[in-house]
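**Q** Sequence plus the predicted model coming up.
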Amino acid sequence: MHDLQPYEPGPRMPELERRYGRALVRLNRNEDLFPPFPGMREAVEAELPSVWMYPEESYDEFRAAVARRIGTTPDRIVPAHGSQALIGTLASLFLDPGDVAVTSRPTYGLYAKASAARGATVESVRLRNHRVDFEALATAAAAARAKVVWICDPNNPTGSLAHRDEWETFLDALPETCASATRSPIPSWLITWTSSRSRST
């Protein structure tokens, strides 16, 4: 714990706008120039009378709907309150003190912090031409006998998006007993566990 560094969120929006003299959009925080989807504001307002209640716990209807859409079963859908909660859950699930996690550099910083908090060693692989180097990640994971490879797709902060063939080659090259977790633009997560007998998503 003594080696963990506090999270630095960076300058606040007013400070950035004063510095650059213009209105800004923080793309690294999934902000954009577009308003909410039609009906979103009304749906939120309709739920305001219930905000005092404890949030939904099982998400049965949501998990069933997502499962139908992507062609799987509800028991393989794990909702969470934001990607930070999922990162922490996955780190707790897969990593123990002394394990190794592999990630890119630069990328979303919470991967390394969550892994280190579990006592894991974090190895980072530099991007290649501002893109995730899948071949180098798989090589590093095999050499270190990593338990987890974290991938942000599209990568934050470069915005590069991986191609399907890159993913397929990467997953085939991962060592046995290594999990790959990726943050996708939905935002949602794909967790792939490789073994000598099967692969599950």
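**A** Cool, the structure landed.

**Q** Contact partners for Val25?
**A** 31-33 (C-beta atoms under 8 Å, 6 or more residues apart in numbering). For every residue, glycine as well, the C-beta is placed using N, CA and C.

**Q** Which one of these is nearest to Pro106?
**A** Using C-beta to C-beta, Glu31 comes nearest to Pro106 of the contacts of Val25, at 19.0 Å.

**Q** so how far is Asn129 from the closest one?
**A** Distance, Glu31 to Asn129, using C-beta to C-beta, to the nearest Å: 26 Å.

**Q** neighbour count winner among the two?
**A** The residue with more neighbours, out of Glu31 and Asn129, is Glu31; 11 against 7, by other C-beta atoms under 10 Å.

**Q** Excluding chain neighbours, give the residue nearest to the more buried one in space.
**A** Val25 (5.2 Å; C-beta to C-beta, 6 or more residues apart in numbering).

**Q** What of Ala144?
**A** Val100 (4.3 Å).

**Q** dump the residue contacts of that neighbour.
**A** Counting by C-beta under 8 Å, 6+ apart, the residues that Val100 touches are 120-123, 144-147.

**Q** Just the buried residues of those.
**A** 120, 122-123, 144, 146-147 (16 or more other C-beta atoms under 10 Å).

**Q** May I see those organised as TSV, with distance to Leu4 and secondary structure added?
**A** Formatted as TSV, the buried ones among the contacts of Val100 follow (distance: C-beta to C-beta, whole Å; DSSP: H, G, I helix; E, B strand; the rest coil):
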residue	distance to Leu4	secondary structure
Ala120	12	coil
Val122	11	strand
Glu123	17	strand
Ala144	20	helix
Ala146	20	coil
Lys147	19	coil
